[in-house]
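Undergrad: mind folding the following:
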Amino acid sequence: MELVLLRTYHADGTNGQLLHNGALVCSTIELPWKDNQPRVSCIPEGRYELKKRYSPRRGHHLIVQSVAGRSLILVHPANDALRELQGCIAPVSVLRGQGKGSGSRPAFEKLKSLVYKVLPGEAVFLTIKTTTP
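TA: Below is the predicted model:
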């Protein structure tokens, strides 16, 4: 499975559109780009494998594999990147501003059900790139 995240960068956060087969799955929020610094920056553009992950704190979620210089980059619910994220990606139903959204839990559940249908039998990749005007 291939997912594409088209990003738009802003000073206070990164907004995105997550697509599967060209169709919108959900919007996303992330921290602003700050040279891939751990805990304060979104991750670099590129192609990453997604895997299932479970933790007592977050329950079932996704982890982004093989991010250079980073670890524990997750896909999990959050509605305010600056307050709730440390480099992770949060699906949201509606974008509300730079790095801000609403309806994160339903957006995450939609994405999780799409991806969990094929894991672990099929690899799932996320390609992150800049939105082109």
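Undergrad: CA atoms for contacts and neighbours, from now on please.
TA: Will do.
Undergrad: let me see the contact set for Thr14.
TA: Thr14 makes contacts with 7-8, 29-33, 42, 98-99, as judged by Cα atoms under 8 Å, 6 or more residues apart in numbering.
Undergrad: any idea which helix or strand carries it?
TA: Assigned by DSSP states H and E, Thr14 falls within strand 13-20.
Undergrad: on the strand side of things, show who the closest residue to Ser27 other than its chain neighbours bridges to.
TA: The spatially closest residue to Ser27, leaving aside those adjacent along the chain, is Gln17, at 4.5 Å (Cα to Cα, 6 or more residues apart in numbering). Beta-bridge pairing of Gln17 under DSSP bridges involves Leu6, Ser27.
Undergrad: dump the residue contacts of Gln17.
TA: By Cα under 8 Å, 6+ apart, Gln17 lies in contact with 5-7, 24-28.
Undergrad: distance check, the residue nearest to Glu30 when sequence neighbours are not counted against Ser66.
TA: Leaving aside its chain neighbours, Glu30 sits nearest to Thr14 (4.9 Å; criterion: Cα to Cα, 6+ apart). From Thr14 over to Ser66 the distance is 21 Å, taken as Cα to Cα, to the nearest Å.
Undergrad: just Phe108 next, same as before
TA: Taking Cα to Cα as the criterion, Phe108 is separated from Ser66 by 22 Å.
Undergrad: so how far is stretch 61-75 off the chain centroid?
TA: Going by Cα atoms, centre = their mean, to the nearest Å, the spacing between the C-alpha centre of stretch 61-75 and its chain's C-alpha centre is 10 Å.
Undergrad: buried ones in it, by neighbour count?
TA: Using 16 or more other Cα atoms under 10 Å as the burial criterion, the residues of stretch 61-75 that qualify are 61-65, 67, 73-75.
Undergrad: what does it contact?
TA: Stretch 61-75 has contacts (Cα under 8 Å, 6+ apart) with 36, 38, 43-44, 48-54, 76, 87-91, 112.
Undergrad: which of those residues fall within helices?
TA: Per DSSP state H, helices hold the following members of the contacts of stretch 61-75: Lys112.
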